Every structure is written in structure tokens, then in C-alpha cells.
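Undergrad: Have a look; sequence and predicted model below, questions after that.
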Amino acid sequence: MDFQELSKIYHQPFFSLLKQARAVHEDHWEKEEVQLCTLLSIKTGGCSEDCSYCAQSARYSSGVEAEKLLGLDCVIERAQAARDGGSTRFCMGAAWKGVRGGTKRFEDVLEIVREVSKLGMEVCVTLGELGAEEAEQLKEAGVTAYNHNLDTSPEHYPKIVSTHTFQDRLNTIRHVQDAGMSVCCGGILGLGETVDDRLRMLEVISNFNPQPESVPINSLMPMPGTPLAESDPVTVFDVVRMIATVRVAVPKAKVRLSAGRTHFSDEAQALCFFAGANSVFYGDKLLTAGNPAMQADLDLLEKLDLSPQAPNPSMEAPVSTPDVPLEPVLGA
């Protein structure tokens with residue numbers, strides 16, 4: 001979709017937007033299911049990047065100490081606990097600029113992926129920038145999906161990060177798609193962006209070929225010591241409008257209600273699910289931020305007559321559409 005189409009969808013009366021999004025959701029997601037994902041930081045802090053929202057950057061005095069890569073046994077223990085608790089996708093994040101083939105830390109990550117993939121869950125990783133060869137190795141090791149968020153619009157991006165470019169993000173996503181992995185790509189609301197920035201980000205995402213398998217919508221959780229520590233919170237209505245617009249623009253994707261859920265009531269989350277969200281991060285922590293307790297999530301799903309989605313570790317990545325450019329349109 002182009003920006004004008006997205007703007008028309010987003011700015012329609014609230015209940016009209018919800019009605020449209022719900023209809024699209026029901027057309028593509030017949031079952032009343034929600035994917036439960038667990039996120040584990042396998043390497044925390046000490047990152048060389050300067051993402052202005054992130055407490056893991058070594059450039060900020062956020063109180064997050066740099067740690068080494070978790071050992072295999074520790075990761076497997078956490079993955080088994082996630083599976084036993086009902087998670088069907090296990091996501092592992094590392095605070096790095098990127099990974100390079102042939103290094104010990106990348107070989108260690110590949111070993112972790114191989115072992116986690118034996119547990120019957122979908123395996124997702126977010127490791128920063130990837131080259132083509134590294135992407136192929138991750139796919140071969142058993143990665144189901146690779147998370148690499150765009151965060152915000154191409155125009156606003158330089159105000160948030162200076163140590164890499166928006167195009168760097170797109171390059172990694174292209175490598176992931178070419179390797180046959182699914183792409184998990186969304187953004188963060190509350191970075192000082194405008195609504196137009198949010199829609200420009202979605203314009204880029206919706207024009208991926210193929211479109212992402214999942215789209216996380218995060219609400220900024222301001223972290224002490226970071227440049228965005230005093231940012232104003234986004235409202236539930238901001239989040240619901242964005243989820244609904246994503247559902248219309250990327251109908252086959254799982255739309256993940258991600259960071260920021262600690263600030264939402266059960267009623268607010270129910271509205272997000274109605275608007276098209278059908279995936280959540282599930283557990284007590286998201287990298288360095290809190291998350292609703294597992295039992296509270298299960299209780300909420302039961303109240304809403306929603307059931308956890310079954311894992312599909314062997315799912316095929318979306319296929320590109322012939323005669324559609326592989327590179328998203330970045331023009332205004």
C-alpha cells in the first residue's frame with residue numbers, strides 16, 4: 001500500500017477502522033487463536049550502537065551491565081521452561097551491532113539455535129545486521145524467523161540512530177528473505193515521531209516482497225539514562241489504530257502486541273485483539289523490560305475465548321510475488 005491509502009485507512013472514524021480491520025482479520029484468520037512467544041536476551045548490554053531508546057547501549061548510563069553470551073545449558077533450560085509454560089515461539093535477542101561468520105560468538109549462536117530447534121517450538125532470533133552467508137547459516141541451523149524492526153520512518157530514523165542507516169536495516173531483511181527465513185519486522189511507537197512517520201514505516205513494511213510473516217507493534221517503555229527517558233507515553237488509542245491499520249495493510253501477518261503491555265488494562269488489550277493483534281510476547285521479561293505475568297495472560301485469553309496457537313516450527317516462509325519489485329519503495 002502507498003502512503004495515501006494508509007492515511008485514508010488510519011484517519012477514518014475509529015469504529016469504522018475497527019470494523020474494517022476486524023473484517024480483514026476474520027477473512028484471513030478464521031480461528032480465534034493467539035500466538036504465545038517468549039523472548040530471552042542471550043547477550044545483554046554493552047552494545048556499540050546508539051539507538052536512543054535502548055538501555056543496552058554502552059553509550060548510556062542506564063544501569064544495564066554488559067554480560068557475556070549465555071551458555072547453551074542455560075538457554076536450553078529457559079527454552080524448555082517457555083515451552084512447558086505454553087510458548088510456541090522462542091525468540092532470542094543479542095545486544096550486538098551484528099554477527100559475522102567464522103567468529104566464535106556466531107558459532108556459539110548457531111549451536112544454540114540447533115539445540116533449541118529440537119524442542120518443537122518456532123525459533124526466532126534478533127542479532128543485528130546480517131550478511132547473506134550468515135543468514136543462510138542461520139536458516140540451515142533451524143531459525144524459523146528473524147526479527148529486525150524498522151522502528152520508525154526512513155525520514156525520522158536518523159534522529160533515533162546514527163550508528164547504522166535505515167538502508168542497513170533493509171539490506172539485512174533482504175538477506176533474511178533470500179535465505180528463506182520468515183521476516184518479523186515492525187516498529188516502536190513513542191519515539192517522538194508523527195503519525196505520518198508511523199504510516200511511512202508501514203508503507204515500507206507493506207511493500208516488502210514478500211510481506212513479513214509477523215509485525216510487532218511496540219510502545220516505547222522509556223528507560224532511565226537513555227535520550228528518550230522522558231518521552232511522553234503513547235495512548236491505547238494510538239496503539240489500537242496502528243494495529244488495525246497494520247492488519248488491513250499486511251493481512252496475512254501475525255500482528256504482535258509487544259512492548260508496553262504492562263501499561264494496558266485487560267480491556268485495552270482486548271481492544272487490541274479485536275483490532276487484529278493475534279500474537280503476544282509471553283513471560284515475565286522482554287529483554288530488559290517487564291511484561292505481564294504468564295498466568296495473567298492465560299486468564300485474559302480464557303476470558304476472551306481465545307486459545308494459544310499451536311507451534312509450527314517447519315512453517316514455510318512467505319513467497320515473493322512475481323512481477324513485484326523486491327526492494328520496497330522509499331520515495332515520498
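TA: Happy to help now that I have it. Residues are numbered from 1 along each chain as shown.
Undergrad: Every contact and neighbour count from this point should use C-alpha atoms.
TA: Noted.
Undergrad: State the distance from M223 to S279.
TA: Taking Cα to Cα, to the nearest Å as the measure, M223 and S279 are separated by 24 Å.
Undergrad: could you show me where the helices are in the stretch 51-200 of the chain, in order?
TA: For the stretch 51-200 of the chain, the helices defined by DSSP state H, counting those that start in this stretch occupy 72-84, 104-116, 132-141, 166-178, 195-206.
Undergrad: Show me what counts as buried in the second one.
TA: Within helix 104-116, the residues that qualify as buried are 106, 109-116, counting by 16 or more other Cα atoms under 10 Å.
Undergrad: Most widely separated two among the residues you listed?
TA: Distances among the buried residues of helix 104-116 were taken as Cα to Cα; the most separated pair is F106 and V116, at 15.2 Å.
Undergrad: what ranges of the chain fall below the confidence cut-off?
TA: Scanning the chain for pLDDT under 70 picks out 62-63, 283-292, 322-326, 328-332.
Undergrad: Counting residues, which strand of it comes out longest?
TA: Ordering each strand of the chain by length in residues (DSSP state E) puts strand 33-43 first.
Undergrad: quick one, it and helix 72-84 angle?
TA: Interaxial angle, strand 33-43 versus helix 72-84 (axes from the mean of the first three to the mean of the last three Cα atoms, to 10 degrees): 170 degrees.
Undergrad: thinking in terms of the whole chain, how far from its middle is strand 33-43?
TA: Distance of strand 33-43 from its chain centroid, counting by Cα atoms, centre = their mean, to the nearest Å, is 10 Å.
Undergrad: Okay, now the sheet partners of that strand, with direction.
TA: With DSSP bridges as the test, strand 33-43 is paired with strand 89-94 (parallel), strand 279-281 (parallel), strand 307-308 (parallel).
Undergrad: how about those in JSON lines, adding mean neighbour count and distance to L18?
TA: Conversion of these to JSON lines gives the following (neighbours: other Cα atoms under 10 Å; distance: least, Cα to Cα, whole Å):
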{"stretch": "strand 89-94", "mean neighbour count": "24", "distance to L18": "28"}
{"stretch": "strand 279-281", "mean neighbour count": "24", "distance to L18": "18"}
{"stretch": "strand 307-308", "mean neighbour count": "16", "distance to L18": "22"}
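Undergrad: mind checking which helix or strand V255 is in?
TA: Assessed by DSSP states H and E, V255 sits inside strand 254-257.
Undergrad: buried residues in stretch 160-168?
TA: Across stretch 160-168, burial judged by 16+ other Cα under 10 Å covers 160-161, 166.
Undergrad: Check stretch 20-40 too.
TA: Buried residues in stretch 20-40, counted by 16+ other Cα under 10 Å: 20-25, 29, 33-40.
Undergrad: and what of stretch 265-272?
TA: Buried residues in stretch 265-272, counted by 16+ other Cα under 10 Å: 266, 268-272.
Undergrad: hmm, which two among those are most spread apart?
TA: Pairwise distances across the buried residues of stretch 265-272 (Cα to Cα) peak at 9.9 Å, for the pair D266 and C272.
Undergrad: Same question for A244, what's its three-state structure.
TA: Assigned by DSSP: H, G, I helix; E, B strand; the rest coil, the conformation of A244 is helix.
Undergrad: OK, contacts around it?
TA: For A244, the contact set (Cα atoms under 8 Å, 6 or more residues apart in numbering) comprises 17-18, 21-22, 275-276.
Undergrad: Pretty sure R241 sits against F14.
TA: Yes. Using Cα atoms under 8 Å, R241 is in contact with F14, at 7.5 Å.
Undergrad: When these two are compared, which one has more neighbours?
TA: Neighbours were counted for R241 and for F14 using other Cα atoms under 10 Å; R241 has more, 22 against 14.
Undergrad: quick one: the strands in the protein?
TA: Counting by DSSP E, the chain has strands at residues 33-43, 89-94, 122-126, 145-147, 182-184, 187-189, 214-219, 254-257, 279-281, 285-286, 289-290, 307-308.
Undergrad: Geometric centre of this protein: which residue is closest?
TA: The centroid of the chain falls nearest to P216 when counting by Cα atoms, centre = their mean (3.7 Å).
Undergrad: Report the separation between that residue and E30.
TA: From P216 across to E30, the span is 20 Å (Cα to Cα).
Undergrad: next one: P224
TA: The value you get for P224 to E30, if Cα to Cα is used, is 42 Å.
Undergrad: Check R105 too.
TA: Separation of R105 from E30 (Cα to Cα): 42 Å.
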